[in-house]
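Visitor: Would you be able to build a 3D model of this:
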Amino acid sequence: MIGLILEIKDRRKIWTIVGTFIAASGILYFLFMTVWFNAFQLMGQVVWIQRLLGVGALYMGYASLRDYWKGHVDCEVGDLKSKAKTRDKIKEIIEAPMNWALFISVVGLAFTVNAIEFACSLGLPAVFTGVLAQADLSTWAYYGYIGLYDFFFMLDDIVIFSLAAFAVDKFVGDKYVKYCKLLGGIVLVLLAVILLVAPEVLR
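Guide: This is a model prediction of the structure:
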């Protein structure tokens, strides 16, 4: 999508597509995290859940660090055929004229892409909502923290797509994603150690 955006000359169209995609993605991600949070709340404060989150965080941290060392920046969810189909759909949407149909198509694309690739960034939100569900907070505080997490998570997309909007080479975005994998991997490993050794620190 970033590569295709780089080819658009109309700045207004670029910001319409980018802004709509990021806003829709943020809403969907918030809904995903709300589902995770409510699921953990229903489970209650069970020790095995903390251990499971710790093991899961350790594996996902390892996978993120492995991707960093191997230079992988793409999500590996889905086969080549489905990815090619998604790319064709993105190209079709981007080449469409500026109207309400374009807006609706971008929203649908954001929901579809994020629903499929949510597995690529499953580690941190799972750990975050799992720990949050064990805290003694008000309802507004719970959802406020989820919203705050969602905002900072979406900063990643804002930075990458802004680079595309300003016609910055795609490889700059790839480097950014690569170092995000390094940082995310380190954070996940540290959280895993805490969850497995001293989970009370996160309460």
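Visitor: make it CA atoms for all contacts and neighbour counts henceforth
Guide: OK.
Visitor: for the top helix by length along the chain, packing partners?
Guide: Scanning the chain for the helix with the most residues, using DSSP state H, yields helix 11-43. Secondary-structure packing of helix 11-43 (3 or more CA pairs under 8 Å, 6 or more residues apart in numbering; DSSP states H and E): helix 100-117, helix 123-133, helix 139-165.
Visitor: Buried deepest among those helices, which one?
Guide: helix 123-133 (a mean of 22; mean count of other CA atoms under 10 Å).
Visitor: Mind giving me the packing neighbours of it?
Guide: Checking 3+ CA pairs under 8 Å, 6+ apart, helix 123-133 ends up next to helix 11-43, helix 47-70, helix 139-165, helix 170-197.
Visitor: which of the residues in the first one are buried?
Guide: Across helix 11-43, burial judged by 16 or more other CA atoms under 10 Å covers 13-14, 17-22, 24-30, 32-34, 36-37, 40-41.
Visitor: residue at max distance from the center of this protein?
Guide: residue 97 (28.3 Å; CA atoms, centre = their mean).
Visitor: Relative to residue 35, how far out is that residue?
Guide: According to CA to CA, to the nearest Å, residue 97 and residue 35 sit 36 Å apart.
Visitor: As CSV, the helices and strands packed on helix 11-43 with distance to residue 180 would be great.
Guide: Formatted as CSV, the helices and strands packed on helix 11-43 follow (distance: least, CA to CA, whole Å):
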stretch, distance to residue 180
helix 100-117, 16
helix 123-133, 13
helix 139-165, 9
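Visitor: Of all those, which one is nearest residue 60?
Guide: Nearest of those to residue 60, taken as CA to CA: helix 123-133 at 5.9 Å.
Visitor: before we move on, back to that, which stretch among the helices and strands packed on helix 11-43 comes nearest residue 194?
Guide: helix 123-133 (11.1 Å).
Visitor: can you give me how far the closest one is from the chain middle?
Guide: Offset of helix 123-133 from its chain centre (CA atoms, centre = their mean, to the nearest Å): 14 Å.
Visitor: So which residues make contact with it?
Guide: 33, 36-38, 40-41, 44, 50, 53-54, 56-57, 60-61, 142, 146, 184, 188, 191, 202-203 (CA atoms under 8 Å, 6 or more residues apart in numbering).
Visitor: Show the average pLDDT along it.
Guide: On average, the pLDDT along helix 123-133 is 81.
Visitor: Low-confidence ranges, this structure, go.
Guide: 1-9, 44-47, 72-84, 86, 116-123, 163-177, 201-203 (pLDDT under 70).
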